[in-house]
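Engineer: Build me a structure from this.
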Amino acid sequence: MPGLVNALVIVAVAALVITRQFAARRIDDDRRWWLLPAILTVMAVRSPGILDAQHRAASACLLAAELLIAVATGAGWAWTTRIWVEADGAVWSRTTRAGAAVWAGGIALRLSLFGLGTALGIHQDSSALLLALALTLLVRSGILVLRAGTVHGADGPATAYGDRTAGWAGAADAAATRPARKERV
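Structural biologist: Got it, this is the predicted structure:
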């Protein structure tokens, strides 16, 4: 039963995250961006079948490869996400086609690993995939929050070179009147 529950959670979370990322979304620094990955990690680790009892070493190698693919997919997805600052100082993001390609590549690599494990006779539980999904989301969200911090500092919108032409008192006015800046991917 836990395998079926994990599979349903994986499909639901992946569908929700993927569909939400193709629409422009505001990045809030104070949100608990780590909460969903933490919940998914707890769900994955609580299952005893994350490693095959008869092939522990090979199963652990497959899990390590799965987690490396998860980190690469999350980082690639985050670095191909477009980030921009609106006139009000809010930082927004939206996944690009390149991000979709990174996601598709990660899925293809995971399917290849699953095929390799099946060919070797290694039992693979859905907990490993759930853990990899959690790591992908954690890496992506963490990098996006870091990138948003470089585009949008804690004191307000990041000023561009030359915005302080009127001195320190005019810096806030210059930053407030400057047009929205979009980051190129």
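
Engineer: how about the longest helix along the chain: buried residues?
Structural biologist: Looking only at the chain and at elements set by DSSP state H, the helix with the highest residue count is helix 126-151. When burial is assessed from 16 or more other CB atoms under 10 Å, helix 126-151 yields the following buried residues: 126-145, 147-148, 151. Yep, even glycine has a C-beta here, placed from its N, CA and C like the rest.

Engineer: helix, strand or coil for residue 94?
Structural biologist: Going by DSSP: H, G, I helix; E, B strand; the rest coil, the secondary structure assigned to residue 94 is strand.

Engineer: so where is this protein shaky, pLDDT-wise?
Structural biologist: Low-confidence segments of the chain, defined by pLDDT under 70, are located at 1-3, 29-31, 152-185.

Engineer: What ranges does it have for its strands?
Structural biologist: Secondary structure of the chain (DSSP state E): strands located at 25-27, 81-85, 91-95, 152-153, 156-157, 181-182.

Engineer: Run the angle between the second one and helix 126-151 for me.
Structural biologist: This means strand 81-85. 30 degrees (axes from the mean of the first three to the mean of the last three CA atoms, to 10 degrees).

Engineer: who does strand 81-85 touch, helix- and strand-wise?
Structural biologist: For strand 81-85, the elements it packs on are strand 91-95, helix 126-151, strand 181-182, judged by 3 or more CB pairs under 8 Å, 6 or more residues apart in numbering; DSSP states H and E.

Engineer: Now render those as a markdown table, adding distance to residue 38.
Structural biologist: Formatted as a markdown table, the helices and strands packed on strand 81-85 follow (distance: least, CB to CB, whole Å):
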| stretch | distance to residue 38 |
| --- | --- |
| strand 91-95 | 21 |
| helix 126-151 | 8 |
| strand 181-182 | 32 |
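
Engineer: Which among those is found nearest to residue 10?
Structural biologist: With CB to CB, the closest approach to residue 10 among these belongs to helix 126-151: 5.7 Å.

Engineer: Residue nearest the middle of this protein, spatially speaking?
Structural biologist: A centroid search over the chain (CA atoms, centre = their mean) returns residue 140, at 2.2 Å, as the residue closest to the centre.

Engineer: The chain: helices as residue ranges?
Structural biologist: Taking DSSP H as the criterion, the chain carries its helices at 2-21, 35-45, 56-79, 97-119, 126-151, 168-177.
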